Structures are given as C-alpha cells and as structure tokens.
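K.L.:
Kindly generate the corresponding structure for this input.
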Amino acid sequence: MRPIDLQRMIQRRAFVFGGLQALACTTLLTRLYYLQFVRGEEYATEAEGNRIKVQMLVPPRGVIADRFGVAMAMNHVNYKLMLESQQKDVARATLDKIAALLALRPAELDERRVDIARAKRGFPVLVREYLSWEDVATIEFHLPNLPAAFIEEGQWRHYPFSDHASHLIGYIGKVSPEEATKSTDPLLKQPDMRLGKNGIEQLYEQKLRGKAGTRQLEVNVVGSPVRELAKQEAKAGPTLALTIDTRLQEFVVQRLGQESGAVVVMQVHTGEVLALASMPSYDPNEFSKGIKQGYWTALNADEKVPLLNKAIAGQYPPGSTFKMMTGLAALKSGKVNPERKVYCPGHYYLGSNRWNCWKPEGHGAVNFAEALAVSCDTYFYTVGREAGIEAIADMCHAFGLGAPSGLGLRGERAGIVPSPAWKQKARGLPWNPGETINTSIGQGDVLTTPMQLAIMTARMVNGGKKIRPRLLLDEPTKTDGFIDIDPAHLQVALEGMNMVTNSPRGTAYGSTIKVEGMSFGGKTGTAQVRRITIRGQDQNRIPWKFRHHALFVGFAPAEKPEYCCAVLIEHGGGGASAAAPVARDVMQKLQELLQGGPPRAALDIPKEPV
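P.N.:
Model prediction:
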C-alpha cells in the first residue's frame with residue numbers, strides 16, 4: 001500500500017472514532033442533564049427511601065330515591081383503618097401494635113394476618129372500619145409509631161327506612177372471592193368495595209357503582225403516606241329515582257303490622273309500582289355493616305320467613321281472586337253468556353264426587369257478575385268445567401299468571417298455571433277432570449304471587465292492555481300489546497268486582513270506603529292450605545300455619561280505575577275479614593295522597609342517624 005493511501009485510511013478511522021466518541025459524550029451529558037435537572041427531585045426522593053404509589057379510589061355509590069326525591073338508600077362517612085401490605089413483616093408488626101390500641105379480638109387479629117399474607121402488591125389490607133371518633137383520634141395520635149398504617153375515609157350504606165323497604169331496596173355486602181375472580185373490574189379487588197346483593201341494589205349494580213378515581217401518594221420506605229401528589233376524583237353513581245311513593249310504602253308496612261304478608265300497589269296504565277312490601281322483614285343496615293351471627297340465626301329460625309320477599313317469591317293458591325279468569329275464559333269460549341244464571345244449591349257434583357260451595361245453603365241462581373259479588377263456588381265449578389282447563393290456562397297466561405313479572409328482582413318465582421301439558425311434564429300423569437273443578441276456584445295446583453295478581457288486576461281494569469310493572473321512574477311504559485278479549489266481558493267482570501265492595505250482597509261490603517268522593521272495587525279470596533273439602537272451621541281455633549291464606553285484589557277509583565292492589569295475609573283466615581280491610585285502607589290512603597298533591601321532598605327525607 002502506498003504511503004498516501006495508508007495516511008488517508010488512518011485519517012478516516014480517526015474521524016470515525018472521533019465521531020463515535022463525540023456521540024457517546026453527547027449522549028452521556030444529555031442523560032446526566034436529564035437525571036440531574038429533569039428528574040432530579042424525583043430521584044432524590046427515591047434515594048431517601050421514598051416511592052410513588054398509585055391508589056384506586058372507590059366511587060360513592062349512587063343514591064336510591066323515591067318518586068319525589070326522598071332518599072331510600074344513601075351514603076355516610078366510614079372511617080377505615082388500613083395497612084400497606086407490600087412489606088409484610090412491617091405490616092404484621094404494625095398490626096400487633098394496633099391490636100393493643102383497639103383491643104382487636106384474637107379471631108379478628110388472625111383474620112387480618114391471613115389478609116396480609118394473601119394481599120397482592122398494591123392492595124392495602126382493611127384492618128377495621130366504622131371507626132368511632134375516639135378510635136380515629138387514638139390511631140392518629142400513635143400514627144408515627146405505626147408504619148404502614150393510615151386512616152381512609154370511605155362510605156357506608158345507610159337505609160333510612162330500615163325494614164320498611166328492605167325487600168325492595170335490598171342491601172350491599174362485601175365482594176365474595178367468587179365475584180372477585182369472575183370480574184375483570186379492579187374495583188372489585190379493593191378491600192372496602194361493596195356490591196349489591198339483593199333488590200334494587202343488586203338489579204342496578206352497574207348503574208349505582210360509579211367510576212373509580214385515583215390518587216398518587218408519596219410514601220416512605222415502610223409504606224406510610226408522606227404526601228398526596230395528584231388526585232383524580234372518583235365519579236359517584238347516579239341517583240336512581242324509583243316509582244315508589246315512600247308515604248304509601250310506609251303506610252302499607254304500618255298497616256300490615258305484625259301480619260305475615262305482602263302488598264303490591266300499581267298504576268294500571270303505566271305499570272308504575274307505588275308500593276311493594278313484604279312483612280315481616282329485616283334491617284338492611286345490619287347487612288350493610290356485616291350481619292351478626294345471632295341476627296342471622298334469628299331471621300332463619302322465624303316461621304314467618306322474614307328473608308322471603310313474599311310479594312314476588314311467595315307462591316300461594318289465589319283462591320277466589322282467580323274466579324275472574326275462570327269466568328272470562330267461559331265467556332270467551334262462547335259456551336256461557338254474561339246473563340246466564342247457574343243455580344247454586346250449596347254444592348256441585350261431578351259423577352259421584354261432591355264439591356261444596358263455601359255457603360252450605362247455596363246462593364240460588366246467579367249470573368257472572370252476581371257470582372263474583374257473592375263469590376259463589378258452584379257457579380265457577382260449573383262454567384269452569386264447561387270452558388275446560390285449556391281455555392282457563394290460556395286466559396291466565398294472557399293476564400300475566402304463570403310467568404315472572406319482568407321486574408328483574410332476584411328470587412322472583414313464576415307460579416304455576418296447571419294444565420294437562422304441565423301435569424304430564426311435571427309429574428308424568430294424565431289430567432283428572434276433577435282437577436279442573438279445583439282449579440276453577442283458584443285451588444288445586446294453581447299458584448300465584450301477589451305481584452302476578454296485581455298485574456292480572458291491572459290488565460283487567462285498563463281495558464286489556466298487557467301492562468308490565470316497572471320500578472324506575474324514567475323508564476318508558478312496558479307493554480306487550482292487548483289481550484284478545486271482548487271489552488264487554490271485562491266490563492261485566494268489573495261490575496261484579498264493584499259489587500263485592502259496594503253492594504250489600506258483596507263479600508267485602510263491610511270494607512267499603514265510606515269517605516265521600518272515594519271508592520274502590522275488588523275481589524276477596526280465601527286460599528285453603530289443606531284439603532278443599534275441609535270447610536267451616538273456626539280459623540282462630542287451629543294452629544296459625546294451618547289457617548287459610550287471605551287475599552284481596554282491588555282497584556280505585558271504582559268508577560274509573562287508575563290504581564290497583566294485591567293483598568296477601570298469610571294464614572289470615574279469610575279474604576273478607578283479613579285482606580279486604582287492608583286493601584280498603586291502602587286504597588283510601590292512596591286517594592287521600594293523590595288529592596293532597598305531591599309532598600315537599602325536603603320535609604320527608606329521614607334524618608341521618610346520630
């Protein structure tokens with residue numbers, strides 16, 4: 001190689017290496033500048049043993065209110081003692097100190113130790129919530145000696161109406177391990193997160209939950225917060241306005257008193273549920289804070305089953321409240337006309353088998369409307385047999401029996417509308433003609449819920465519109481069209497139901513509304529718990545659980561129905577004596593409230609507990 005070429009090659013290599021050295025120096029200087037001046041404060045903080053922690057904030061749960069804005073479920077401040085669990089040795093040592101300060105029970109202490117062991121990185125452990133001011137002050141005073149401990153403000157759910165609306169509103173509870181595992185929402189892994197477990201709380205969980213927030217905390221080496229660096233507020237869930245009128249709901253519960261039963265009140269054209277009560281009940285506030293074993297045991301041991309929402313999950317023979325279905329089916333079949341009279345001697349024979357009317361001496365000759373007014377069993381035995389069980393079953397389905405209401409509340413049951421196809425599927429047996437006789441008066445295998453009876457009544461008095469009930473005020477009216485039925489037949493049924501309460505012959509004439517300008521109609525029902533042939537017993541002389549169920553379905557005003565109700569009194573003895581007076585008082589109260597106009601909600605909001 002020539003000297004000049006070698007010199008050029010050396011110069012090129014020197015230039016390349018010089019460029020690389022310059023680039024490396026520039027990169028190093030840039031990085032040093034970034035570390036020193038741009039991120040210097042942050043790294044200085046970390047050098048002192050601190051770090052930045054992002055914490056998820058549980059959003060406030062949405063308020064549940066009645067149609068006038070009266071709160072039925074709200075939030076109160078919940079002071080909680082939390083432990084950072086990233087350094088588990090520090091957390092356990094801190095827990096031991098807290099145990100002495102707050103007198104934690106041994107079992108409670110063991111549970112918290114397990115929680116610390118299981119806690120995932122970034123998720124604190126809840127030591128105790130619902131702290132008193134004294135407990136908060138004690139912890140704050142000793143906080144410098146409690147590394148990893150901190151006080152956090154959350155919410156606890158308060159139900160101002162206590163057990164007066166618990167089956168409707170429901171309650172919230174801790175997230176179960178199964179719920180946390182199935183969901184991808186990180187909120188469900190927060191130690192203080194609560195989910196709706198029943199009622200409206202469960203049905204509209206996604207709406208009520210809100211959206212989580214975050215905050216950045218500077219914490220020291222043992223996990224104790226030093227300062228808050230940034231915060232994005234959680235977004236509270238929206239307020240849910242229900243169709244319920246708490247004034248009426250309160251009255252219904254108070255009127256039921258110590259009875260075991262249920263009442264449903266609906267608007268017949270819109271399906272708005274104004275009251276839905278089941279008694280006896282339970283206090284959802286006990287569930288919200290974590291139910292005690294003694295209270296839970298007592299609820300389960302009560303023979304009146306306070307945990308059961310009888311309005312939607314209690315299934316009962318409808319008794320004579322069912323007779324409109326039998327009569328309407330007979331009229332639609334064409335085999336019976338409204339004016340045809342059936343003679344009632346006090347009994348009915350099918351072959352050699354005898355079915356008694358509730359009135360041993362009989363009712364004489366009665367037509368459809370008259371038979372409803374006096375609740376003549378023989379009339380409905382006769383026309384039910386002529387119409388046939390298939391026609392009766394079809395009429396029941398059209399009026400909402402034998403199917404859930406569509407409300408969506410957990411635990412609702414469908415009831416039973418018996419038919420040959422149903423019996424073959426359920427029991428593998430053929431239909432017996434005598435079963436049609438029992439079904440015709442709402443006995444035998446037929447079962448309904450109070451909610452279904454309210455729907456049936458609404459569809460009868462609104463002209464056959466297949467209205468469905470709803471609980472949210474801003475939801476549109478739900479309907480499935482119209483029932484294929486002659487309006488004249490419905491009018492005859494309403495005439496008979498008006499006679500029940502407003503004619504001296506009516507079975508509930510003693511419960512007529514005597515206030516001028518107010519009225520209601522309806523139908524009594526007495527559902528026998530035991531065999532249909534056992535009649536005439538003094539219900540007060542037999543054990544409570546063997547007494548007849550008392551039922552009543554009604555509507556108001558009688559002349560132009562706008563509202564309906566269904567009343568059930570478990571083992572009440574008789575529809576006329578036990579259920580009709582309750583229905584009268586409820587319908588009268590409703591009309592009084594309507595005449596008085598809407599309340600000022602601010603005056604009706606219950607005071608927060610002290």
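K.L.:
Can you give me the neighbour number for the residue lying closest to Q155 once chain neighbours are set aside?
P.N.:
In space, Q155 comes closest to N75 once its chain neighbours are excluded; the distance is 3.9 Å by C-beta to C-beta, 6 or more residues apart in numbering. Using the backbone N, CA and C atoms, a C-beta is placed for each residue, glycine as well. Other residues near N75 come to 17 when the count uses other C-beta atoms under 10 Å.
K.L.:
Longest strand in the protein, by number of residues?
P.N.:
Using DSSP state E to define each element, the chain has its longest strand at strand 71-83.
K.L.:
Return the list of helices and strands in contact with it.
P.N.:
Packing partners of strand 71-83 (3 or more C-beta pairs under 8 Å, 6 or more residues apart in numbering; DSSP states H and E): strand 64-65, helix 88-102, strand 125-128, helix 133-142, strand 149-158.
K.L.:
just so I know, which of those lies nearest P404?
P.N.:
Proximity to P404 (C-beta to C-beta) singles out strand 64-65 among the helices and strands packed on strand 71-83, at 22.1 Å.
K.L.:
helices or strands up against that closest one?
P.N.:
Applying 3+ C-beta pairs under 8 Å, 6+ apart, one finds that strand 64-65 contacts strand 71-83, strand 240-241.
K.L.:
who does the shortest one touch, helix- and strand-wise?
P.N.:
Applying 3+ C-beta pairs under 8 Å, 6+ apart, one finds that strand 240-241 contacts strand 64-65.
K.L.:
For the most centrally placed residue in the chain, which non-adjacent residue is spatially closest?
P.N.:
Nearest to the mean C-alpha position of the chain, by C-alpha atoms, centre = their mean, lies G199 at 1.6 Å. Distances taken as C-beta to C-beta, 6+ apart put G170 closest to G199, at 2.3 Å, once the chain neighbours are dropped.
K.L.:
picking that back up, indicate which one of the helices and strands packed on strand 71-83 is closest to G596.
P.N.:
Closest to G596 of these, according to C-beta to C-beta: strand 64-65, at 19.9 Å.
K.L.:
Name the strands paired with the closest one and say parallel or antiparallel.
P.N.:
Strands adjacent to strand 64-65 in the sheet, as given by DSSP bridges, are strand 71-83 (antiparallel), strand 240-241 (parallel).
K.L.:
Give me the below-cutoff pLDDT ranges for the stretch 151-300 of the chain.
P.N.:
In the prediction, the stretch 151-300 of the chain carries residues with pLDDT under 70 at positions 220-225.
K.L.:
Could you give the number of residues near Q21?
P.N.:
Neighbour count for Q21, taken as other C-beta under 10 Å: 10.
K.L.:
now the one 3 residues further on
P.N.:
Other residues near A24 number 10, with proximity taken as other C-beta under 10 Å.
K.L.:
Averaged pLDDT, the host helix or strand of it. What do you get?
P.N.:
A24 is part of helix 3-33 when elements are defined by DSSP states H and E. Mean pLDDT, helix 3-33: 69.
K.L.:
Equivalent analysis for stretch 473-485, please.
P.N.:
Across stretch 473-485, the average pLDDT comes to 94.
K.L.:
what about that stretch, how long is it end to end?
P.N.:
Using C-alpha to C-alpha, to the nearest Å, one end of stretch 473-485 lies 30 Å from the other.
K.L.:
Can you check my assumption that R354 lies in a strand?
P.N.:
Yes. Assessed with DSSP: H, G, I helix; E, B strand; the rest coil, R354 lies in a strand.
K.L.:
Look up the closest residue to N337, ignoring the ones flanking it.
P.N.:
Distances taken as C-beta to C-beta, 6+ apart put L331 closest to N337, at 7.1 Å, once the chain neighbours are dropped.
K.L.:
Contacts made by the helix or strand where that neighbour lies with the rest, please.
P.N.:
Assigned by DSSP H and E, L331 belongs to helix 323-333. The contact list for helix 323-333 (C-beta atoms under 8 Å, 6 or more residues apart in numbering) reads 336-338, 368, 371-372, 375, 380, 383-384, 386-388, 391-392, 394-396, 399, 401, 439-442, 456, 460, 485-486, 489-490, 492-493, 496-497, 523.
K.L.:
Report the distance from that helix to the chain centre.
P.N.:
Distance, stretch centre to chain centre, for helix 323-333: 34 Å (C-alpha atoms, centre = their mean, to the nearest Å).
K.L.:
Helix or strand for N337, just tell me which one.
P.N.:
Using DSSP H and E, no element contains N337; it sits outside every helix and strand.
K.L.:
Tell me the pLDDT of it.
P.N.:
95.
K.L.:
How about the one 5 residues further on?
P.N.:
Each residue has a pLDDT score; the one for V342 is 97.
K.L.:
and it, bridged to which residues?
P.N.:
With DSSP bridges applied, V342 shows beta-bridge pairing to V366.
K.L.:
thinking it is in contact with A365, fair?
P.N.:
Yes. Counting by C-beta atoms under 8 Å, V342 does reach A365; the two are 7.0 Å apart.
K.L.:
hmm, back to that, tell me the contacts of the residue nearest to the centre of the chain?
P.N.:
The contact partners of G199, by C-beta under 8 Å, 6+ apart, come to S166, H167, L168, I169, G170, Y171, L409, R410.
K.L.:
Just the buried residues of the residues you listed.
P.N.:
Applying 16 or more other C-beta atoms under 10 Å to those, the neighbour count classes S166, H167, L168, I169, G170, Y171, L409 as buried.
K.L.:
follow-up on the earlier one: give me phi/psi at the residue nearest to the centre of the chain?
P.N.:
Main-chain dihedrals, G199, degrees, to the nearest 10: phi 60, psi -150.
K.L.:
ditto for H167
P.N.:
H167 adopts backbone torsions of phi -70, psi -30, taken as degrees, to the nearest 10.
K.L.:
just checking, it touches D283?
P.N.:
No. Counting by C-beta under 8 Å, H167 sits too far from D283 to count as a contact (11.8 Å).
K.L.:
tell me the SS of Q55?
P.N.:
The local conformation at Q55, judged by three-state DSSP, is strand.
K.L.:
Include distance to Y316 when you put the strands paired with strand 64-65 into CSV, please.
P.N.:
Shown next, in CSV, are those (distance: least, C-beta to C-beta, whole Å):
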stretch, distance to Y316
strand 71-83, 27
strand 240-241, 30
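K.L.:
weakest of the ones you listed in terms of mean pLDDT?
P.N.:
When these are compared on mean pLDDT, strand 71-83 scores lowest, with a mean of 90.
K.L.:
Give me the distance between it and the centre of its chain.
P.N.:
So, by C-alpha atoms, centre = their mean, the centroid of strand 71-83 is 21 Å from its chain's centroid.
K.L.:
what's the answer for stretch 434-454, then?
P.N.:
From the chain centre to the centre of stretch 434-454 is a distance of 26 Å (C-alpha atoms, centre = their mean).
K.L.:
Just give me the neighbour total for the closest residue to P404 other than its chain neighbours.
P.N.:
For P404, ignoring the flanking residues on the chain, the nearest one in space by C-beta to C-beta, 6+ apart is E412 at 5.0 Å. Applying other C-beta under 10 Å, we find 18 other residues in the vicinity of E412.
K.L.:
Would you state the predicted confidence (pLDDT) at E412?
P.N.:
97.
K.L.:
Phi first, then psi, for it.
P.N.:
The phi/psi pair for E412 (degrees, to the nearest 10) is phi -60, psi 140.
K.L.:
got a pLDDT number for the residue nearest to N337?
P.N.:
According to the prediction, L331 has pLDDT 98.
K.L.:
This completes my enquiry, with thanks.
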